[in-house]
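A.B. asks: Return a 3D structure for these sequence lines:
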Amino acid sequence: MEAKSTQDDYDQVKRDLQALRDDLSKLTRTVSESQKSNISSLRDEIRRESREALDQVKQKGDEVLHRAKDAGDKAFHDVEHKIEERPFLSIIIMFLAGILVGKLLDR
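C.D. replies: This next block holds a predicted model:
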């Protein structure tokens, strides 16, 4: 009778160990799938934030470019206006500037 009880205990321990293995396998799969889901959501969030940052940089760059273009246009029109006001003086200044640059390049 004791041999049968020992055998039953042994069989019960085997069943418990198999159930434990199955539970551990399910837990491992669940954790793995959860981590894959977390990684996927983090990757999507990083992509979204990267796109937002790139859009902001593009917008700021466009604003700076527009301001620089406006400043260049204003400077060009100012110079053009000064030349129209005093054409003879402008020619003399350009002539002297040409001589000065020529002397600097001769060195």
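A.B. asks: all helices of the protein, in order?
C.D. replies: In the chain, the helices defined using DSSP state H lie at 2-85, 87-106.
A.B. asks: need those in a markdown table with mean neighbour count and mean pLDDT, can you?
C.D. replies: Backbone N, C-alpha and C define where each C-beta goes, glycine included. A markdown table is the format used below for these (neighbours: other C-beta atoms under 10 Å; pLDDT from 0 to 100):
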| stretch | mean neighbour count | mean pLDDT |
| --- | --- | --- |
| helix 2-85 | 10 | 88 |
| helix 87-106 | 10 | 89 |
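A.B. asks: quick one: stretch 23-30 to chain centroid distance?
C.D. replies: Distance of stretch 23-30 from its chain centroid, counting by C-alpha atoms, centre = their mean, to the nearest Å, is 37 Å.
A.B. asks: And stretch 9-20, by the same measure?
C.D. replies: For stretch 9-20, the distance to the chain centre is 54 Å (C-alpha atoms, centre = their mean).
A.B. asks: What lies in contact with that stretch?
C.D. replies: Where contact means C-beta atoms under 8 Å, 6 or more residues apart in numbering, no residue beyond stretch 9-20 reaches it.
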